[in-house]
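Asker: kindly return the folded structure for what I paste below:
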Amino acid sequence: MNLDHQAPAERAAVLIVGGSVVGASAALFLAARGIVPVLVEKHVAVSTRLRAKLFYPRTMEAYRSVGADQEIYAVQHGLPPADHAAVVTSLAGPELRRWRLPAAEDFSDVSPCPSAFVKQSDLEEVVREHARAAGADLRFGHRFLGLRQHDDHVVARVLDAEGGSYTVEADYLLAADGNGSAIRQELGIGRSGSEAVSHVMEIGFTADLRQVLDGRRLALAWTDSPERAFISWNTAHDRGTISVPYDPAITEPATAFGTERCRDIVSRALGLPAASFTTTGARPWHMGAWVADSYRAHRVFLLGDAAHVTPPTGGFGANAGIQDAWNLTAKLVSVLRGDADPRLLDDYDPERRAVGALTVEQALLRVRDRATAPAASGPPLSEAAVAVGYRYRVPGDDRDAALPEADEPARWHGEPGTRLPHVPLTGRDDGLSTLDLVRDGRHLLLAGPEGRPWMRAARELDPAGAFLDTALLPREAGTGTARPAGTCGIGDHGALLVRPDHVIAWRAVQAAPDPAAALAEATRRALRHRHVPA
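Answerer: The predicted structure is shown next:
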């Protein structure tokens, strides 16, 4: 397709292809920081399919930074509590084993945000609404057709909702177009991992499950036998899916899962007579576990399912995609504002691809039927370590190689490449957190209570506060006994340089002989500048 014969009709700093939770989140994160993206999505409405319904604290921290978290929690608070899982004889029958979901544990020591238990479609509605309010140009029913890359821009052709085509010229294109990403395929980017860890038949149903689930706090369930069915349902408790594995070597799904067998599977999984539910169709799908070989091709970036597909065990997939968007948009904002050199964007691929590989591996370790899953090395990490406590490698840091790829969030204390520790500054309940000091896409110099020389150095470096905010930690805060500076891994005279995505770029444990020179060098490295911006 020739995209060069017609002059681009429109200009955008960033074009996002794909408007599900990852693309919409990227649009929100950009627009909230003054970068107005254009987003195109081929579907006209939010998908009603049952997808993710668990969003970990680190994801909610990102939404907190752009003012969307409370509305998401409000959706959850209007629903029956659902924070447990169980193995059952049937959903209406006895429970053989029950456990609280790890994401429902108390994270208040390490985050200002609890996990959110809401269905993805409800969260997407909130995110889209906030993105529009922030100025993002969201176009649903618009289909991406193709792209052409140039040295300094990307040209994309789009088909609008009425069937007319137009072109968009953008500085950068974000491909959030799902696991079958046409953009990834057009760019020729391969994948490493397994296309099919297991094959599953998903059978939809409608039924009144309110009495069956009343007071049980269940979010999901499995049957013990014979199909080892996975049961999922929506928050209204009036429809859901039953997913059962099958072996494609001996089973032809089109013939093996006829109407009567599907009704029988649903009846036994729910423990309800056939007259009390209606099946709404069945579809085969395969559980993939792979990571794209590159997350970037020049001015095009992959994120979400276009970059990695994660087995649903652990509930990591949507969270990983949203964190792709959080990481990448922070870099784009710094570059597009002129605060950072474009070379900063080179860090997106190694940072997020390493986390993607770790996340896929950890999800594989949780796959229920280990016999059909490829081997993964080592014991599983906790859900908190995978979703909250991962670390980015810091080029040039000799100590980096000795650190784990992920750890319990409370074990990190300001190490470069890790997330800024949460310290409650004004009380534990809905109070100010150290994470809230990182604002509006700017970096933060966070110093100990005796760190005023660092404050002066920051103002010398950036007199107008254009790209660098400053804050001093108090000597004591909240109700804990740990000193805030110690929690952040510095002494009273030390300092941290924190990126806009809450990640620590640099640390001085104690005072420096020349704070101005030390901070200038740290900022130059963090922004990938040959010279620090004036």
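Asker: who's in contact with residue 74?
Answerer: Residues near residue 74 by C-beta atoms under 8 Å, 6 or more residues apart in numbering: none. C-beta here means a position set from N, CA and C on the backbone, and glycine is covered the same way.
Asker: I'd like the distance between it and residue 56.
Answerer: 18 Å (C-beta to C-beta, to the nearest Å).
Asker: what about the residue nearest to residue 333 when sequence neighbours are not counted, which helix or strand?
Answerer: Among residues not flanking residue 333 along the chain, residue 441 sits closest, at 4.1 Å (C-beta to C-beta, 6 or more residues apart in numbering). According to DSSP states H and E, residue 441 maps onto no helix or strand at all.
Asker: could you export the host helix or strand of residue 269 as CSV, CA atoms only?
Answerer: For residue 269, the element it lies in under DSSP H and E is helix 259-270. Coordinates of the C-alpha atoms in helix 259-270 are reproduced here as CSV (Å, rounded to 0.1, in the frame of the first residue of the first chain):
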residue,chain,number,x,y,z
THR,A,259,-24.5,-28.4,21.7
GLU,A,260,-25.5,-31.3,24.0
ARG,A,261,-22.0,-31.9,25.3
CYS,A,262,-21.5,-28.2,25.9
ARG,A,263,-24.8,-28.1,27.9
ASP,A,264,-23.7,-31.1,29.9
ILE,A,265,-20.3,-29.5,30.7
VAL,A,266,-21.9,-26.3,31.9
SER,A,267,-24.5,-28.2,33.9
ARG,A,268,-21.9,-30.3,35.7
ALA,A,269,-19.6,-27.4,36.3
LEU,A,270,-22.3,-25.1,37.7
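Asker: lowest-pLDDT helix or strand in the chain?
Answerer: Counting by mean pLDDT, DSSP states H and E, the chain has its least confident helix or strand at helix 253-256, which shows a mean of 86.
Asker: right, and residue 139 touches residue 43 too?
Answerer: No. If you go by C-beta atoms under 8 Å, residue 139 and residue 43 don't touch, sitting 11.3 Å apart.
Asker: these two - which one has more neighbours?
Answerer: residue 139 (17 against 13; other C-beta atoms under 10 Å).
Asker: tell me the phi and psi of the residue nearest to the more buried one when sequence neighbours are not counted?
Answerer: Among residues not flanking residue 139 along the chain, residue 40 sits closest, at 5.0 Å (C-beta to C-beta, 6+ apart). For residue 40, the backbone dihedrals are phi -120, psi 140 (criterion: degrees, to the nearest 10).
Asker: what of residue 167?
Answerer: According to degrees, to the nearest 10, residue 167 has phi -120, psi 150.
Asker: neighbours of it, how many?
Answerer: That count, for residue 167 with other C-beta under 10 Å as the rule, works out to 20.
Asker: let me know the pLDDT of it.
Answerer: Residue 167 is assigned a pLDDT of 97 by the prediction.
Asker: go ahead and confirm it touches residue 154.
Answerer: No. Applying C-beta under 8 Å as the test, residue 167 and residue 154 come out as separate, 10.5 Å apart.
Asker: circling back to that earlier point, CA atoms only: put the least confident helix or strand of the chain into PDB for me.
Answerer: The C-alpha trace of helix 253-256 is given here as PDB (Å, rounded to 0.1, in the frame of the first residue of the first chain):
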ATOM      1  CA  PRO A 253     -13.200 -29.300  18.700                       C
ATOM      2  CA  ALA A 254     -15.800 -28.600  16.000                       C
ATOM      3  CA  THR A 255     -17.300 -32.100  16.300                       C
ATOM      4  CA  ALA A 256     -16.300 -33.000  19.900                       C
END
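Asker: chain center to it, what's the gap?
Answerer: In terms of C-alpha atoms, centre = their mean, to the nearest Å, the centre of helix 253-256 is found 35 Å from the chain centre.
Asker: now do that helix: everything it contacts.
Answerer: 199, 201, 246, 284.
Asker: again, 6 Å this time
Answerer: Helix 253-256 has contacts (C-beta atoms under 6 Å, 6 or more residues apart in numbering) with 201, 284.
Asker: can you check stretch 303-323 too?
Answerer: 21-22, 25, 52, 54, 56, 59, 175-179, 181, 184, 197, 287-292, 295, 324-325, 356, 359-360, 363, 366-367, 383, 387.
Asker: straight-line length of that stretch, end to end?
Answerer: End-to-end distance for stretch 303-323, by C-alpha to C-alpha, to the nearest Å: 9 Å.
Asker: residues of it that come out buried?
Answerer: 303-323 (16 or more other C-beta atoms under 10 Å).
Asker: try stretch 338-357
Answerer: Quick answer for stretch 338-357 (16+ other C-beta under 10 Å): 339-341, 344-345, 347-349, 351-357.
Asker: any idea how far residue 74 is from residue 84?
Answerer: 22 Å.
Asker: let me fix that, I meant to ask about residue 467.
Answerer: 34 Å.
Asker: so how far is residue 211 from the spatially most central residue of the chain?
Answerer: Per C-alpha atoms, centre = their mean, the C-alpha nearest to the average position across the chain is that of residue 322, at 2.4 Å. Using C-beta to C-beta, one obtains 35 Å as the distance from residue 322 to residue 211.
Asker: what of residue 171?
Answerer: Taking C-beta to C-beta, one finds residue 171 at 55 Å from residue 211.
Asker: and if you look at residue 76?
Answerer: Going from residue 76 to residue 211 by C-beta to C-beta gives 22 Å.
Asker: so which of these two has more stuff around it?
Answerer: Between residue 76 and residue 211, counted using other C-beta under 10 Å, the more crowded position is residue 76 (20 against 9).
Asker: I'd guessed the more buried one sits against residue 114; true?
Answerer: No. At 9.2 Å, residue 76 does not count as touching residue 114 under the criterion of C-beta atoms under 6 Å.
Asker: okay, and for the stretch 401-534 of the chain, where does confidence drop off?
Answerer: 427-430, 478-481, 530-534 (pLDDT under 70).
Asker: the strands in it, which residues?
Answerer: 443-447, 468-472, 495-498, 504-508 (DSSP state E, counting those that start in this stretch).
Asker: the third one: how far from the chain's middle?
Answerer: The chain centroid and the centroid of strand 495-498 are separated by 24 Å, computed with C-alpha atoms, centre = their mean.
Asker: right, I'll call it a day here.
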